[in-house]
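1. give me the fold of what follows.
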Amino acid sequence: MERQLLMAVDGSIHSTQSLRYATKMLGGSDEVIFTLFHGEPMISQYLLDEVRTDPRAYSALKKVNKKNKENSRLLLEKQSERLITMGIPKKRIVMVSQQRMTGLARDILEYGRKGIYDAIVVGRRGLSRAQKTFMGSTSAKLLEHSEVIPVWMVDGNVKSKKILVAVDGSESSYRAVDHIGFMLSKNPNIKYCLFHVFQDAEDMDAISFRVDNPSINKLVNKGSKRHIEKFFADAEHKLAEAGITADRVNKISAKRKGRVGKIILNEAKKGNYGTVVVGRRGTSHAHYFGSVSRYVTERITNRALWLVS
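-> Numbering: from 1, shown residues only. This is a model prediction of the structure:
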């Protein structure tokens, strides 16, 4: 079955790194279409207003539009040539240029929703402290607002093909496993780790009780262990159906000592994982992006992050 990638490109080194990452992970498959998307600069509202009354403004607008389209065409052709040098046949590359309407991130999401895309791929520029606080970059906005299409954010030159899949047994975790199996089944060189952080009673928000009660914690831990063991078995079965054999899938459960996001990133660093996969929502039914995913997004470096809704 054909896989469709929507790749946001702008000609920067970050964009090139995202292309390199995508071809490394998927380039061996002859069933992947790479759609290169570039947003042309937004036209000034002042110029648009003047066009209604001033013929000179209309002439200026035509020149601006022509220049923007030409620059976008040249940029897309250059990025396409890069993909070809990375081993992607020209017939599997689609180029899309579109004038920015409501902001680049929203335009990408809107275009993605109109098509049938399996993932949006974007390179991340370095974020300042203020940008991290307000999720100010295009890549961060895509992660925050893409509630249907998985987003792959690439930070730096990712070399390792090992993937750390952070799971909690939720529906979102099952969808993450499905996404991996569908997208990467054709690459036999990738190794995976299903990584789970056990929760204590205090992490469960469905009921309220004293967290210093050892019997309650024991029951929660027992139920959590049984739940994640079933998830591991189901996940291995799903991956095996996709052609990913059990010898390529490791499973790790860790006790929670501090923030879950920090534990995930520490494991990614310790195990030299090039990609971290997290689900948007966890078992608490709250927005997963508000806690674990946000923490990982803001702090992950020299790795790719996949956020699966």
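2. identify each buried residue in the strand ranked longest in the chain, please.
-> Counting by DSSP state E, the longest strand found in the chain is strand 32-40. Neighbour counts over strand 32-40 (16 or more other CB atoms under 10 Å) mark Val32, Ile33, Phe34, Thr35, Leu36, Phe37, His38, Gly39, Glu40 as buried. To be clear about C-beta, it is placed using only N, CA and C from the backbone, and glycine gets the same treatment.
3. the spatially closest residue to His179 that is not a sequence neighbour and Ala140, how far apart?
-> With CB to CB, 6 or more residues apart in numbering as the criterion, His179 has its nearest non-adjacent residue at 5.1 Å, and that residue is Val308. As defined by CB to CB, to the nearest Å, Val308 lies at a distance of 16 Å from Ala140.
4. which of those two has more neighbours?
-> Each of Val308 and Ala140 has its neighbours counted (other CB atoms under 10 Å); Val308 has more, 26 against 23.
5. measure the more buried one to Gly39 for me?
-> For Val308, the distance to Gly39 - CB to CB - is 24 Å.
6. can you tell me the strand partners of the longest strand of the chain and which way each runs?
-> Sheet pairing of strand 32-40 (DSSP bridges) gives strand 3-8 (parallel), strand 93-99 (parallel).
7. any idea which of these is most buried?
-> Comparing those by mean neighbour count (mean count of other CB atoms under 10 Å), strand 3-8 comes out on top with a mean of 22.
8. what's the next secondary structure element after it?
-> helix 13-26 (DSSP states H and E).
9. and that following helix, what does it pack onto?
-> Helices and strands touching helix 13-26, by 3 or more CB pairs under 8 Å, 6 or more residues apart in numbering; DSSP states H and E, are strand 3-8, helix 55-85, strand 119-123, strand 151-154, helix 171-184.
10. run through the chain and note the low-pLDDT ranges.
-> Within the chain, the ranges that satisfy pLDDT under 70 run 43-53, 57-58, 126-136, 199-221, 223, 281-290.
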